[in-house]
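Asker: with the input below, show me the fold.
(2 chains)
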Amino acid sequence: MEPDLSSSSPHSSLFTSLLLAGRRIRPLTQIHARIIISTLHPNRSLLTKLLTLIISSGFPLYARRLLPSVPSPDTFLFDSLIRASSRSTLPLHSLHFYLLMLSSSLRPSNYTFTSLLKACADLSASNLGRILHLHVLAAGFDLDRFVQTSLVVFYAKVGNLVVARKVFDRMPERSVVVWNAMISGYEQNGRAGAAIKLFYLMQEEGMEPDEATLAILLSACSQVGEFGLGKWIHEHYIHGKNSRLGVVLGSSLVNMYARCGHVEKAREVFEGLDEHNVVSWTAMIAGYGMHGFAEQAMELFKRMQLYGPSPNLVTFVAVLSACAHGGMVEQGREAFESMKFDYGLIPRAEHHVCMVDLYGRAGLLAEAMKFIRDQITGEPGAAVWTALLGACKMHKDFNRAAEISTKLLALEPENPSHYVLLSNIHALAGKMDTVEEIRDVMISRGWRKQTGYSLIEINNVSYIFRMGDTSNPQTVEIYQYLEELICRIREAGYEPMTDSVLHELEEEEREVAVRFHSEKLALAFGLLSTGEGTLIRIVKNLRICGDCHLAIKFISGVTGREIIVRDKHRFHHFRDGLCSCQDYW
DNA sequence: CACAAACCAC
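Answerer: So this is what the prediction gives:
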């Protein structure tokens, strides 16, 4: 008898049950039982659907046991299993199905490779993906647009931007999706400038950006503080197109405004959204947190708990770090307990780091140690020790610092930033011989310190300053004005903090006096170029140094200007001689 | 016959 697919057939009723069951393992096992006891011939497409759903519900091993019962397996069966695995929480199983597919002498299709490459991308399985690239070539799918796009995504995700770009450049036709993949690849790997440059190329080639392009670009703007472009995207593409602002772009905008220093504008966009989800709430809370506005962050978090969606792990990173930066120890502790007991979330390493930071910044170093002992199962990660070491530096607890740095260097002996931190601590302790030793080690390993720069935007034009910079046409005036400012703040009580700062290897070259640090130059230029009362915004790529922080506090006092500096970690709002970070950073 | 690639918060 021909299989009857009309609504009365038993196969069809099983199919309907499968669709109803969805990705829930219990109803799926019941359907499996019905198939076994029914007198029907096993039906391949029915079993394909069943196995796919079983994998999607997280039981790939169950599916593997069932697989031999599928009659005359075909490419579509394996493609479905590979695809379901690649999107599951256990993407590695897709490789197992691929090997079974090959050993069944079935030819892979272009669909096979898109899923496999996605699995490799998500697993950061760089070698495996490269081998699969060879399989793509051997199977003759290297000209398939979908496969090429997957290759771009894969190479970008594992950080091999050169090869990703090579595949991208060789594509005869590029969809908006592959443009987005390549731009996103740069952005994800910290190459925001390259991402923005590729977007300009995309425009030149007449390719229209879509929502995803804009979301990626807004992230790139956030990363480097390119407020001009971010604002232009908002006005030109989002506002200008008169389309309603969805929650995805809305969250990107909230993040962009906050990370470019416009936290009130971020709030305005947030309030204007028709729809809020956990991402938009989290973006706004994180925005307040990074500016040191812990009260506003906590107020919003309370509102979210009352009227918004359930906070997730990322929300708690934002909440805990806001508490840490605002010195709100008790509220942070409560939030951490609430996360576990009210929301059933299991804290991860990043939450532990926030808690250590919370106690550490507040000077409760013993409490931080106790937290590590009691709350962290297994060996704490390097990030936890880094946070604690930072706290030791802040509170000048050199004995504890020595103990912790031993653990840290044992865990990650090849991380240059640990050596920078250690060198700074020894400099603070006045152990200049050790500072020299550490510096020699860094030089011998060929570790180069990042050079610092500061960006300032005036009348929609960005200006960049490096230490001791003389490239600006107004250099003479800038340096003169800076000297004058320093005289004025010295009269107000400022004392340069040269000794410790000169040894901060991460900061600008120590050969150059602290007074020519890039943020001071940018600030002097900003004050000269703008009128009385204008807010000054500066973006710095590294952390602001202690001396610049002190000097800018005084400058905000003597000039009556409000100054916002974004450094590598957070924002500093200087006003009337004080900073929003409360000297905690 | 069907199935594919990019997209916001730390």
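
Asker: now do the residue most central in space within chain A, the pLDDT please.
Answerer: Centroid-nearest residue in chain A, with CA atoms, centre = their mean: A:Gln188, separated by 7.5 Å. Looking at A:Gln188, its pLDDT is 96.

Asker: and stretch A:28-36, what's buried?
Answerer: Buried residues in stretch A:28-36, counting neighbours by 16 or more other CB atoms under 10 Å, are found at A:Leu28, A:Thr29, A:Ile31, A:His32, A:Ile35. For every residue, glycine as well, the C-beta is placed using N, CA and C.

Asker: just confirm the fourth one contacts A:Ala63, I think it does.
Answerer: No - under the criterion of CB atoms under 8 Å, A:His32 is not in contact with A:Ala63, lying 10.4 Å apart.

Asker: what sits against the residue of the stretch 401-550 of chain A found nearest DNA strand B?
Answerer: Distance from DNA strand B to each residue of the stretch 401-550 of chain A (CB to the nearest atom of the strand) is smallest for A:Val539, at 15.0 Å. Residues near A:Val539 by CB atoms under 8 Å, 6 or more residues apart in numbering: A:Val224, A:Gly225, A:Cys260, A:Gly261, A:Ser454, A:Leu455, A:Ile456, A:Val565, A:Arg566.

Asker: could you find the closest non-adjacent residue to it?
Answerer: Leaving aside its chain neighbours, A:Val539 sits nearest to A:Gly225 (3.3 Å; criterion: CB to CB, 6 or more residues apart in numbering).

Asker: any idea how far that neighbour is from DNA strand B?
Answerer: Taking CB to the nearest atom of the strand, to the nearest Å as the criterion, A:Gly225 is separated from DNA strand B by 13 Å.

Asker: dump the residue contacts of that residue.
Answerer: With contacts taken as CB under 8 Å, 6+ apart, A:Gly225 has the following neighbours: A:Arg259, A:Cys260, A:Gly261, A:Leu455, A:Val539, A:Arg566.

Asker: what sits up against stretch A:574-585?
Answerer: Stretch A:574-585 is contacted by residues A:291-293, A:325-327, A:361, A:394, A:543-544, A:549, A:552-557, A:560, A:562-565, A:567, A:569-573 when judged by CB under 8 Å, 6+ apart.

Asker: report pLDDT for A:Leu77.
Answerer: Note for A:Leu77: predicted pLDDT of 95.

Asker: which element follows the helix or strand bottoming out on mean pLDDT in chain A toward the C-terminus?
Answerer: Taking all helices and strands of chain A together, the one with the lowest average confidence (mean pLDDT, DSSP states H and E) is helix A:498-501, at a mean of 53. Following the chain from helix A:498-501 toward its C-terminal end, the next helix or strand by DSSP states H and E is helix A:518-529.

Asker: so which elements touch that next one?
Answerer: Judged by 3 or more CB pairs under 8 Å, 6 or more residues apart in numbering; DSSP states H and E, the packing partners of helix A:518-529 are strand A:453-458, strand A:461-466, helix A:475-491, strand A:536-540, helix A:546-559.

Asker: one more time with 6 Å, if that's ok
Answerer: Other elements packing on helix A:518-529 under the criterion 3 or more CB pairs under 6 Å, 6 or more residues apart in numbering; DSSP states H and E are strand A:453-458, strand A:461-466, helix A:475-491, strand A:536-540.

Asker: in a markdown table, list those along with distance to A:Phe168 and mean pLDDT.
Answerer: Written out in a markdown table, the entries for the helices and strands packed on helix A:518-529 read as follows (distance: least, CB to CB, whole Å; pLDDT from 0 to 100):
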| stretch | distance to A:Phe168 | mean pLDDT |
| --- | --- | --- |
| strand A:453-458 | 29 | 90 |
| strand A:461-466 | 28 | 89 |
| helix A:475-491 | 41 | 92 |
| strand A:536-540 | 29 | 92 |
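
Asker: just say which of those is most tucked in.
Answerer: Ranked by average neighbour count under the criterion mean count of other CB atoms under 10 Å, these are headed by strand A:536-540 at a mean of 25.

Asker: in the sheet, which strands lie alongside it, parallel or antiparallel?
Answerer: Partners of strand A:536-540 in the sheet, by DSSP bridges, are strand A:453-458 (antiparallel), strand A:563-566 (parallel).

Asker: tabulate the ones you listed (JSON lines), appending distance to A:Leu411.
Answerer: Converted to JSON lines, the strands paired with strand A:536-540 look like this (distance: least, CB to CB, whole Å):
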{"stretch": "strand A:453-458", "distance to A:Leu411": "31"}
{"stretch": "strand A:563-566", "distance to A:Leu411": "30"}
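
Asker: I'd like those strands as JSON lines, with distance to DNA strand B appended.
Answerer: Compiled in JSON lines, the strands paired with strand A:536-540 are given as follows (distance: least, CB to the nearest atom of the strand, whole Å):
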{"stretch": "strand A:453-458", "distance to DNA strand B": "19"}
{"stretch": "strand A:563-566", "distance to DNA strand B": "12"}
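
Asker: just say helix, strand or coil for A:Arg174.
Answerer: coil (DSSP: H, G, I helix; E, B strand; the rest coil).

Asker: and it, how far is that from DNA strand B?
Answerer: Plainly put, A:Arg174 is 9 Å away from DNA strand B if you go by CB to the nearest atom of the strand.

Asker: what does A:Thr282 give?
Answerer: From A:Thr282 over to DNA strand B the distance is 3 Å, taken as CB to the nearest atom of the strand.

Asker: burial count for that residue?
Answerer: The number of residues packed near A:Thr282 is 27, by other CB atoms under 10 Å.

Asker: same check, this time on A:Ser471
Answerer: 9.

Asker: filter the contacts of stretch A:574-585 to the buried ones?
Answerer: Buried among the contacts of stretch A:574-585 (16+ other CB under 10 Å): A:291-293, A:325-327, A:361, A:394, A:543-544, A:549, A:552-557, A:563-565, A:567, A:570-573.

Asker: and A:Thr451, what pLDDT?
Answerer: At A:Thr451, the pLDDT value in this model is 79.

Asker: so it sits in a helix?
Answerer: No - applying three-state DSSP, one finds A:Thr451 to be coil, outside a helix.

Asker: that one - nearest residue in space that isn't next to it in sequence?
Answerer: Closest residue to A:Thr451 in three dimensions, ignoring its sequence neighbours and counting by CB to CB, 6+ apart: A:Arg466, at 6.4 Å.

Asker: what residues are bridge-paired with that neighbour?
Answerer: Checking A:Arg466 by DSSP bridges, which sets the bridge assignment, gives partners A:Tyr453.

Asker: understood, closing this out.
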